[in-house]
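Engineer: Kindly return the folded structure for what I paste below:
(one chain, ligands or ions: 2)
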Amino acid sequence: MAQNTPTPAKRELQLLSVAAEMYPFVKTGGLGDVVGSLPPALERQGVSTRTILPGYPSVLRALSNKEETIRINNVLGHAVTVWHGRADGNTIYALDVPSLYDRPGNPYLDATGQPWADNGLRYAVLCRAAALIAAGLLPDWKPEAVLTHDWHAGLVAPYLRYMEGATPPVAHVIHNLAFQGLYPRDMLQTFGLPDWSFTSDQLEYYGQISFMKGALQLSDRLISVSPTYVEEIQTPEEGMGLDGVLRARSNVLTGILNGVDLREWNPMTDPSVFFPYAVGDIMARRANKRVFQAEFGLPQKADALLLGMVSRLTTQKGADLLARLAPRLFQENIQLAVVGVGDETIMQEFAALRSRYPDNFVCHLRYSETLGHRLHSAVDASLIPSRFEPCGLTQFHALRYGSIPIAARVGGLSDTIIDANSAAVSEGVANGILFSPTTEDMLYLAIRRAQTLFRQKAVWARMQRNGALHDVSWNGKAAQYAQLLHEMSGHETIMTDTGTDIAPRRADPNSARPRLSRQVARMPRTASGTTTSSLVPFPPRTGTRP
Ligand code: ADP
Ligand code: GLC
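Structural biologist: Residues are numbered from 1 along each chain as shown. Ligands and ions are numbered 1, 2, ... in the order given. Sure, this is the predicted structure:
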């Protein structure tokens, strides 16, 4: 009888993920989607993730069987109760600090749409508590690597770097360089940061403290969410003042595209889709278009090119361009449906278009997951006229649901979409339409091009099928994350049965922590979990950006 070959029992790499939002508990955009959908994909790659989040009311409510893990008496002047629980298959640590996080609505903005005045402190507390946990504060768990997301988690790497003793390595994910977390220099003390951290090789950015810059300078690895965006942000045009830093750190900077959770985005099981259909079944979509037109109050015309947009309504997303262009489009047999919320002036323009062109235009100026999903299952094409787009998730949603993306050739959009130029059409590989530069006229021409292709039924159907075949999942991308995290942490595969001689994975030489250009004193860390007297509470002051 053949002997069973001993199988290696891999010990999972223990990862702490730090973020300001996570779907399905709290989401304002793609950041939340990624923070929510990456951990299950990493799990399949031997990485076990625990995510630390601010204890917003929705997060605390969602945690089933939550237990108090630890109480930290003084994190930047605040008592923090850390709850530990499971929700939606994920392991979460939630920081319960009612004075900072128990606020209704959008996590970053007050009722008037302005950033909360104490956002700097709110996210510094998140970072500081995460750093303490990463450094080993909890009795029963210590991560081997830390993954931080966007500016809100940007101070984790500096806090860890300034601590005494061994701390786990940090990989920082840049989802959007436009948001940097800029605060006045006199808030150093509020954030518990030493004066000497305010240098251009650490946290100083044109006279202000930058959370993002701290992460870019002091993390072990940098990831951004598409290969093209990684190239773009190293240029003065797109680098938001940080291109020099990014060029200097290009040896640790990697582009990994986002993925989507295929269970969330499956038109066969999606409760938001009127008539369920299999991915790639483009005929079955017709009924969805008809019923969507009826539901949205548009004439039920099968031959009208029905365009849709699900987006934050901001200039980044080119929503202003679309609002200006719309009257020109409505001279044609074109309908447009917009689901979005954002800048007040853009929303007013869309509202005005609605009353002027009721047969061509409809908008829902709010956040609705249901309508966001339904739209892609019904429209012929999804518009993404972004001025810049680190990755973008809506093109993935469109491709998977059989809607043709019409998108600006920037960032992750150009990494995902194959433009229907004549060569790609004759080769049968096109899956969308790209245009450049992002201007009203170029968007107009792209839509006119779409109209022509829409009339060529076989070509359009081929593009839809190509889109459906495009791999929008996390599979390959999570494997890239896992490899990077394993290399960074020098995590080894541990065998329970040593009958084989597979070599352990070696630590990546690049992961050696870069030396700071000057010798820095290290901030002490107390064993009790109470931060030291250097972390004096100060009244919160105004921040700059959500
Ligand atoms: P960003 O994060 O820059 O806003 P992404 O394309 O990465 O852009 O992700 C946006 C996410 O938010 C997608 O899941 C999209 O469907 C969703 N979304 C944006 N606006 C709305 C809205 N008004 N209603 C529902 N979902 C929305
Ligand atoms: C940001 C970017 C978007 C990206 C998302 C998730 O919000 O604007 O392009 O898809 O983060 O990474």
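Engineer: in the stretch 151-300 of the chain, which ranges drop under the pLDDT threshold?
Structural biologist: Residue ranges of the stretch 151-300 of the chain with pLDDT under 70: none are present.
Engineer: And the residue of the stretch 1-150 of the chain that's closest to ligand 1?
Structural biologist: Closest residue of the stretch 1-150 of the chain to ligand 1, Cβ to the nearest ligand atom: G30 (2.2 Å). The way it works is simple: take the backbone N, C-alpha and C, and place the C-beta from them, glycine included.
Engineer: And the pLDDT at that residue?
Structural biologist: On pLDDT, G30 comes in at 97.
Engineer: Can you give me the distance of it to E204?
Structural biologist: 29 Å (Cβ to Cβ, to the nearest Å).
Engineer: Who has more neighbours out of these two?
Structural biologist: G30 (24 against 17; other Cβ atoms under 10 Å).
Engineer: The nearest residue to the more buried one once chain neighbours are set aside: neighbour count?
Structural biologist: In space, and not counting its chain neighbours, G30 is closest to L393: 4.6 Å by Cβ to Cβ, 6 or more residues apart in numbering. L393 has 23 neighbours, counted by other Cβ under 10 Å.
Engineer: and L393, what does it touch?
Structural biologist: G30, D33, N258, V260 (Cβ atoms under 8 Å, 6 or more residues apart in numbering).
Engineer: Just put those in JSON lines and tack on distance to ligand 2 and secondary structure.
Structural biologist: Conversion of the contacts of L393 to JSON lines gives the following (distance: Cβ to the nearest ligand atom, whole Å; DSSP: H, G, I helix; E, B strand; the rest coil):
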{"residue": "G30", "distance to ligand 2": "3", "secondary structure": "helix"}
{"residue": "D33", "distance to ligand 2": "7", "secondary structure": "helix"}
{"residue": "N258", "distance to ligand 2": "5", "secondary structure": "coil"}
{"residue": "V260", "distance to ligand 2": "10", "secondary structure": "coil"}
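Engineer: which of those lies closest to P437?
Structural biologist: Top of the list for closeness to P437, among these and by Cβ to Cβ, is G30 at 22.8 Å.
Engineer: Was I right to think that closest one contacts D150?
Structural biologist: No: with contact defined as Cβ atoms under 8 Å, G30 does not reach D150; the gap is 10.4 Å.
Engineer: And the closest residue to ligand 2 within the stretch 201-350 of the chain, how far from N176?
Structural biologist: Nearest to ligand 2, among the residues of the stretch 201-350 of the chain, is V225, at 4.1 Å (Cβ to the nearest ligand atom). Separation of V225 from N176 (Cβ to Cβ): 9 Å.
Engineer: Between these two, which contacts overlap?
Structural biologist: With Cβ under 8 Å, 6+ apart, V225 and N176 have common neighbours P390.
Engineer: Looking at these two, which has the bigger crowd around it?
Structural biologist: Ranked by neighbour count (other Cβ under 10 Å), V225 and N176 place V225 first, with 26 against 21.
Engineer: how close does the more buried one get to T254?
Structural biologist: Distance of V225 to T254, given as Cβ to Cβ: 10 Å.
Engineer: Direction included, what does the helix or strand that contains I223 pair up with?
Structural biologist: I223 is part of strand 221-224 when elements are defined by DSSP states H and E. Counting by DSSP bridges, the strands paired with strand 221-224 are strand 170-174 (parallel), strand 253-255 (parallel).
Engineer: would you turn those strands into CSV with mean neighbour count and distance to ligand 2?
Structural biologist: Listed next are those as CSV, based on neighbours: other Cβ atoms under 10 Å; distance: least, Cβ to the nearest ligand atom, whole Å:
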stretch, mean neighbour count, distance to ligand 2
strand 170-174, 27, 7
strand 253-255, 19, 11
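Engineer: Compare the ones you listed and give me the one nearest D320.
Structural biologist: Of all those, strand 170-174 comes closest under Cβ to Cβ, at 24.5 Å.
Engineer: quick one, what contacts the residue of the stretch 1-150 of the chain closest to ligand 1?
Structural biologist: Residues in contact with G30 (Cβ under 8 Å, 6+ apart) are H175, N258, C391, G392, L393.
Engineer: In terms of helices and strands, where is the fourth one?
Structural biologist: Looking back up the chat, that one is G392. Using DSSP H and E, G392 sits within no helix or strand.
Engineer: Burial check on it, number of neighbours?
Structural biologist: Neighbour tally, G392, other Cβ under 10 Å: 31.
Engineer: Point out the residues in this structure that sit beside ligand 2.
Structural biologist: 29-31, 34, 175-176, 225, 258, 389-393 (Cβ under 6 Å from any ligand atom).
Engineer: isn't there a strand covering A337?
Structural biologist: Yes: assessed with DSSP: H, G, I helix; E, B strand; the rest coil, A337 lies in a strand.
Engineer: residue contacts, it?
Structural biologist: Going by Cβ under 8 Å, 6+ apart, A337 touches F292, F296, L298, L306, L307, G308, M309, F361, V362, C363, L375, V379.
Engineer: Could you do Y401 as well?
Structural biologist: W265, P267, V279, R285, H376, S377.
Engineer: Next, the residue nearest to it when sequence neighbours are not counted: phi, psi?
Structural biologist: In space, and not counting its chain neighbours, Y401 is closest to H376: 4.0 Å by Cβ to Cβ, 6+ apart. Torsion angles at H376 (phi, psi; degrees, to the nearest 10) stand at phi -70, psi -20.
Engineer: shouldn't H376 be in contact with G308?
Structural biologist: Yes: if you go by Cβ under 8 Å, H376 and G308 touch, sitting 7.0 Å apart.
Engineer: Identify the contacts common to the two.
Structural biologist: Common neighbours of H376 and G308 are listed as S382, S403 (criterion: Cβ under 8 Å, 6+ apart).
Engineer: A479: neighbour count?
Structural biologist: Using other Cβ under 10 Å, A479 has 16 other residues around it.
Engineer: got it, and H470?
Structural biologist: 17.
Engineer: Now do the SS call for the closest residue to it other than its chain neighbours.
Structural biologist: Nearest residue to H470, sequence neighbours excluded (Cβ to Cβ, 6+ apart): L399, at 4.9 Å. Three-state assignment for L399 (three-state DSSP): helix.
Engineer: Test my guess that L399 contacts I418.
Structural biologist: No: applying Cβ under 8 Å as the test, L399 and I418 come out as separate, 10.3 Å apart.
Engineer: so what's in contact with these two at the same time?
Structural biologist: By Cβ under 8 Å, 6+ apart, L399 and I418 have these common neighbours: N431, G432.
Engineer: Which one's more surrounded, the two?
Structural biologist: L399 (29 against 19).
Engineer: who touches whichever residue of the stretch 351-500 of the chain sits closest to ligand 1 in this structure?
Structural biologist: Nearest residue of the stretch 351-500 of the chain to ligand 1: G372, at 3.3 Å (Cβ to the nearest ligand atom). Neighbour list for G372: S272, V310, V339, H397 [criterion: Cβ under 8 Å, 6+ apart].
Engineer: Just the buried ones from these?
Structural biologist: Among the contacts of G372, the ones that count as buried by 16 or more other Cβ atoms under 10 Å are V310, V339, H397.
Engineer: Any residues of the chain in contact with ligand 1? List them.
Structural biologist: Contact residues (Cβ under 6 Å from any ligand atom) of the chain with ligand 1: 29-31, 33, 310-312, 339-341, 367-369, 372, 391-394, 397.
Engineer: and the end-to-end length of stretch 270-280?
Structural biologist: By Cα to Cα, to the nearest Å, the extent of stretch 270-280 from end to end equals 15 Å.
Engineer: what are the ranges of the strands in the stretch 201-350 of the chain?
Structural biologist: Using DSSP state E, counting those that start in this stretch, the strands found in the stretch 201-350 of the chain span residues 204-205, 208-210, 221-224, 253-255, 305-313, 334-342.
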